[in-house]
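Undergrad: Sequence first, predicted coordinates after that:
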Amino acid sequence: MSTNDTISIRPGEELNVKNLQTFLSQHLGIPAGSLEVLQFSAGHSNLTYQLKVGEWEAVLRRPPLGPLAPKAHDMEREYQIISAIHPLFSPAPKPILFSKDESVVGSPFFLMERKHGVVLDTSFPTNTLITNELCQQLSETMVDQLVQLHNINYHDTKLKDMSKPQGFLERQVHDWISRYERAKTDDMKEAELVMKWLTEHIPATQDSTIIHYDYKFNNAMFSSDLRSMVGLFDWEMTTVGDPLADLGVAMSYWTQVDDPDLLKFGLGKPPITVTEGFFTRKQFIEMYSKKSGRDVTNIDFYLTFAYFKLAVICQQIYYRYKKGQTNDKRFSSFNRFVQTLINHGVHVMSKEVS
């Protein structure tokens with residue numbers, strides 16, 4: 001990860017350094033010494049930390065604090081996923097170990113390799129010459145890596161035993177509707193419209209592939225010259241399912257310059273994809289279709305579902321904030337962002353993606 005992507009640990013999210021140091025010594029033979037722990041600043045879900053003892057370094061992932069949604073934040077499952085995918089897809093981090101021992105950091109956790117490179121989120125590194133060519137090349141790399149991931153034969157991996165591709169899309173639609181109902185804090189008639197439309201318009205799945213399901217720039221890492229993707233993180237949502245659902249999720253994060261302001265600024269600064277030269281969602285989808293050979297006629301469904309799914313994730317976070325299960329002030333206005341995402345889903349429901 002980049003040199004400026006770590007921060008001092010946020011209050012309340014500290015790790016027990018002494019317990020962790022003892023664990024590393026016992027299980028990995030890391031010599032006793034000064035364990036340095038920093039926190040990665042990005043992300044609103046799982047807590048991710050950089051560990052360093054001398055020349056040794058690793059990344060630790062654990063669930064967020066407080067009560068969790070059912071089936072969410074399963075550290076063992078995410079560890080098994082990267083273990084299965086890393087040998088076939090090099091941007092996936094190499095796994096180190098998983099532990100159920102909650103006495104170490106207060107929850108199950110896993111360790112993985114610490115990759116180094118550039119994470120692009122809302123801005124480019126200082127002194128980067130930002131050109132249309134660079135933005136187009138980054139866009140195409142994102143398309144290429146998604147196509148490459150979808151080309152892996154999941155039957156060659158343990159994911160074939162960890163997932164149920166048959167009926168994936170229907171289960172997903174009903175599962176995310178249930179999640180929304182459980183986390184609802186306000187009545188929103190637009191949400192009712194979207195949920196009804198989704199249940200009535202589920203398309204037939206063309207094929208099933210490994211899907212990352214959280215594919216976006218700030219989950220990726222690039223080489224220092226920005227020419228290649230060297231890392232892809234946050235495999236928590238990964239499964240075997242409809243690849244167009246993965247494309248839809250990627251496009252729900254792919255904000256473009258003519259999007260509503262709340263969509264662009266809902267989480268702070270807009271992502272780099274609003275910069276001139278980046279593909280529009282339509283261009284990304286068309287290139288994905290050309291390179292993968294998949295029919296994207298029904299992409300409006302997948303994109304609407306993706307905006308709804310993202311709205312539910314934000315609603316779950318807002319629910320935890322409103323119930324006092326987290327005090328992170330970043331989440332205090334997530335209800336407005338949920339409304340914006342739902343409204344955008346309504347907009348996409350009956351219109352061509354642009």
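TA: Here it is on my side, so go on. Residues are numbered from 1 along each chain as shown.
Undergrad: Could you measure from residue 350 over to residue 201?
TA: 10 Å (C-beta to C-beta, to the nearest Å). Quick note: C-beta positions are derived from backbone N, CA and C, even for glycine.
Undergrad: The two: which is more packed in?
TA: More crowded of residue 350 and residue 201, by other C-beta atoms under 10 Å: residue 201, with 14 against 9.
Undergrad: pLDDT score assigned to the more buried one?
TA: Turning to residue 201, the model gives it a pLDDT of 95.
Undergrad: Once you drop chain neighbours, what's closest to it?
TA: Taking C-beta to C-beta, 6 or more residues apart in numbering, and ignoring the residues beside it in sequence, residue 201 has residue 301 as its nearest neighbour in space, at 5.4 Å.
Undergrad: contacting residues around the one you found?
TA: 198, 201-203, 248 (C-beta atoms under 8 Å, 6 or more residues apart in numbering).
Undergrad: rerun that using 10 Å as the cut-off
TA: Neighbouring residues of residue 301 by C-beta atoms under 10 Å, 6 or more residues apart in numbering: 169, 173, 197-198, 201-203, 244-245, 248, 348-349.
Undergrad: And for residue 312?
TA: 69, 175-184, 191, 338, 341-342.
Undergrad: Out of these, which sit inside helices?
TA: Using DSSP state H, the subset of the contacts of residue 312 located in helices is 175-183, 191, 338, 341-342.
Undergrad: Check what pLDDT the residue nearest to the spatial centre of the chain gets.
TA: Of all residues in the chain, the one closest to the mean position by C-alpha atoms, centre = their mean is residue 214, 3.2 Å from it. Note on residue 214: pLDDT of 94.
Undergrad: Which strand or helix spans it?
TA: With secondary structure defined by DSSP states H and E, residue 214 is part of neither a helix nor a strand.
Undergrad: Let me know the distance separating residue 168 from residue 114.
TA: Taken as C-beta to C-beta, the span from residue 168 to residue 114 is 33 Å.
Undergrad: on that earlier part again, of the contacts of residue 301, just say which sits nearest to residue 260.
TA: residue 348 (12.0 Å; C-beta to C-beta).
Undergrad: still on that earlier bit, residues bridging contact with residue 350 and residue 201, i.e. touching both?
TA: With C-beta under 10 Å, 6+ apart as the test, residue 350 and residue 201 both reach 300, 304.
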